[in-house]
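1. A predicted structure for the sequence below; I have some questions about it.
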Amino acid sequence: MFLRTLLRKNVGNKILPSLQNKCFSTEVSFKYGRPFKLYKLDEGPPSEATSTKKELLDFYRQMVFYRRFEITCDTLYKQRLIRGFCHLYDGQEAVVIGMEASLQPGDSVITSYREHCQQLSRGDSAENVFGELFGKKIGCSKGRGGSMHLYYPENNFYGGNGIVGAQVPLAAGLAFAHKYRKDGGIAVGMYGDGAANQGQVFEAANMAALWKLPMIFVCENNEYGMGTATGRHAACDDFYTRGHYIPGVWADGMDVLASREGFKFCAEWARSGKGPIFLEMSTYRYHGHSMSDPGISYRTRDEVDVMRRERDPIDSIKRRILENEWSTGKELKAIDKAVRKEINEAVKVAKAADSLLVDELWDDVYAGTERPPFIKAVDPANNYYAE
C-alpha cells in the first residue's frame, strides 16, 4: 500500500526486536463502534473490517507520529519558532491514515490549511515540514508559504489552501485532469464542516456530477466551523447528503478501520466511472481552530476530555492491538518513545537549516524565469508609498 511505503520513509524502517519474530499474517475482523450511513446507495462499505497485526501496528505508529508532530508544533509556536497562522490536526489523525491506506500513488489530494499531516502522509519528511514552518530553505516553498501553504507535487498533493472552500473546485479540476488523461486516477477534495456551506462547493459538485468526474468530496466534520457548532451554522448537518444528486457515505472518522473502509468504498466508486461521491468523516479536533483560539470559549473542557477518553483514535487502535495480544503496553510505549526521539531530531535539523537571504525573498515569483527586473510594490530599491 501507498501508506506503508510513505510510513517507512517518514517513521523509519526499524521494527522493534521484540516484534520481529511474531506472526504478522493473521487477519481478525473488527466491528465498528458506529456503523456507516448511506445516501442514495443500495450498498456501502462492509459491516465489519478485517486487519492484521502488521497493519494495525503500522497505523498506530503513524498516528502516534502525526500526534507527536502536532503537539510539538504547539510547543514551538508558543516559543515563537513558528509564526503566523497555524492550524493543528491532532484528534483527526485516523482520517488521513484511512485515506492513504485506500489511495493509489497517482491519485491527487487537496485540502485546506489544516494540512501538516497530509503533507507528511504524501511523503514529505518531518525535517522539511518543520523547516517550512520555521521559514527555512529546506521547506517545500523554501519557508515562504509556512503552515497554511504546504504542497508536495511529487506525490500529487496540491495544498494547503488558505481560502475557505476554494480547494474544492480545484479538486474538481484535478479530477477532470485524471479523466481527460485517462490515467485511472481520482481526486480527493477535503474541506471542513464550516466550508461545506460555501457556494463553490455546490458549483463544483454540479460540474463533477454533470461530467462524472472521479472525485471524492470529503467533509471532515470536526463539529465546529471555527468557533460555531454545526447545529448553529448548518441548516442540514448531514453533510454526506449535501450533494443532493450525488451519493454519500457517513463514516466514523475517529476509527481508523472505518476510515479505511469508507475511503476504500468511495475510491472504488469514483474510479469505476460512476462519478463523484460525498464522504463525511465524523471527527474532532482537540486544539482550537488555530493557535490563536484556546478552543474552550465555545465548548467546555469536559466535552474535549470526554472525546479524548471515549473516542480517541489512537486509544481505539491501541485497545484492538492489546486485546488481540499483538503487542504489549511496554512495546507500544517503546514505539511512542522512538517517535518522540525522531520528532526531536527532525526539529534539530530544521532549526539548523539555512534561512532565505533577504535578496532571495523575491526569487521564484515567476516560474522558469530569472528574477524580473521590476516587481511592483515589492522592489526593495523603491518606496512606492512614501508620498
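-> Good, I have the coordinates.

2. Look up how far Gly98 lies from the closest residue to Ile138 other than its chain neighbours.
-> The spatial neighbour of Ile138 that comes closest, neighbours along the chain excluded (CB to CB, 6 or more residues apart in numbering), is Gly131 at 3.7 Å. For the C-beta atoms, the positions are set from N, CA and C on the backbone; glycine is no exception. Going from Gly131 to Gly98 by CB to CB, to the nearest Å gives 28 Å.

3. again, but for Gly273
-> Computed with CB to CB, the distance linking Gly273 and Gly98 is 23 Å.

4. Looks like Leu257 contacts Ser51 (just checking).
-> Yes - the pair Leu257 / Ser51 is scored as a contact, 6.0 Å apart, by CB atoms under 8 Å.

5. And those two? Which one has more around it.
-> Neighbour comparison, Leu257 and Ser51: the larger count goes to Leu257, with 26 against 23 (by other CB atoms under 10 Å).

6. Once you drop chain neighbours, what's closest to that one?
-> Leaving aside its sequence neighbours, Leu257 sits nearest to Ala49 (CB to CB, 6+ apart; 3.9 Å).

7. how about the one you found, secondary structure?
-> With DSSP: H, G, I helix; E, B strand; the rest coil as the basis, Ala49 sits in strand.

8. Look at Gly273 and Gly98 and report which has more neighbours.
-> Gly98 (27 against 9).

9. That one: what's it in contact with?
-> The contact partners of Gly98, taken as CB atoms under 8 Å, 6 or more residues apart in numbering, are Gly253, Val256, Leu257, Ala258, Ser259, Arg260, Glu261, Gly262, Phe263.

10. any chance of the residues you listed in a markdown table, plus distance to Ile277?
-> Listed next are the contacts of Gly98 as a markdown table, based on distance: CB to CB, whole Å:
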| residue | distance to Ile277 |
| --- | --- |
| Gly253 | 16 |
| Val256 | 20 |
| Leu257 | 19 |
| Ala258 | 16 |
| Ser259 | 15 |
| Arg260 | 16 |
| Glu261 | 14 |
| Gly262 | 10 |
| Phe263 | 11 |
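
11. so how many other residues sit close to the nearest residue to Ala208 once chain neighbours are set aside?
-> Take Ala208 and drop its neighbours on the chain: the residue closest to it by CB to CB, 6+ apart is Pro276, 4.1 Å away. Using other CB under 10 Å, the number of residues around Pro276 comes to 30.

12. pretty sure Pro276 is in contact with Leu210, am I right?
-> No - taking CB under 8 Å as the definition, Pro276 is not a contact partner of Leu210, at 10.0 Å.

13. Could you please name the strands the host helix or strand of Glu280 pairs with and the direction of each pair?
-> Here Glu280, judged by DSSP states H and E, is contained in strand 277-282. Strand 277-282 has the following sheet partners, assigned by DSSP bridges: strand 215-221 (parallel), strand 248-252 (parallel).

14. mind checking how far the residue nearest to Ala208 is from Lys212?
-> Distance of Pro276 to Lys212, given as CB to CB: 8 Å.

15. which stretches of this protein form strands?
-> Using DSSP state E, the strands of the chain run over 27-31, 37-39, 48-52, 108-110, 187-192, 215-221, 224-225, 228-229, 248-252, 277-282.

16. For the first one, buried residues please.
-> Of the residues in strand 27-31, those buried by neighbour count under the rule 16 or more other CB atoms under 10 Å are Phe30.

17. then that strand to PDB, C-alphas only?
-> What follows is strand 27-31, C-alpha atoms only, in PDB (Å, rounded to 0.1, in the frame of the first residue of the first chain):
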ATOM      1  CA  GLU A  27      -6.400 -11.500  10.000                       C
ATOM      2  CA  VAL A  28      -9.100 -10.500  12.500                       C
ATOM      3  CA  SER A  29     -12.500  -9.000  11.900                       C
ATOM      4  CA  PHE A  30     -13.400  -5.900  13.900                       C
ATOM      5  CA  LYS A  31     -16.800  -4.300  14.400                       C
END
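
18. now for it, which elements pack on it?
-> When contacts are defined as 3 or more CB pairs under 8 Å, 6 or more residues apart in numbering; DSSP states H and E, strand 27-31 sits against strand 48-52.

19. quick one, the strand it packs on and strand 27-31 angle?
-> With axes from the mean of the first three to the mean of the last three CA atoms, to 10 degrees applied, the angle from strand 48-52 to strand 27-31 works out at 150 degrees.

20. Give me the sheet partners of strand 48-52 and which way each runs.
-> By DSSP bridges, strand 48-52 pairs with strand 27-31 (antiparallel).

21. would you list the strands of the chain in TSV and tack on mean pLDDT?
-> Below are those laid out as TSV (pLDDT from 0 to 100):
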stretch	mean pLDDT
strand 27-31	95
strand 37-39	98
strand 48-52	97
strand 108-110	98
strand 187-192	98
strand 215-221	98
strand 224-225	95
strand 228-229	96
strand 248-252	98
strand 277-282	98
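
22. Output those as TSV; include the columns distance to Met291.
-> As requested, those are arranged in TSV below (distance: least, CB to CB, whole Å):
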stretch	distance to Met291
strand 27-31	35
strand 37-39	33
strand 48-52	35
strand 108-110	23
strand 187-192	17
strand 215-221	19
strand 224-225	15
strand 228-229	19
strand 248-252	27
strand 277-282	23
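
23. among those, which is nearest Arg340?
-> Across these, Arg340 has its closest neighbour in strand 48-52 (25.3 Å, CB to CB).
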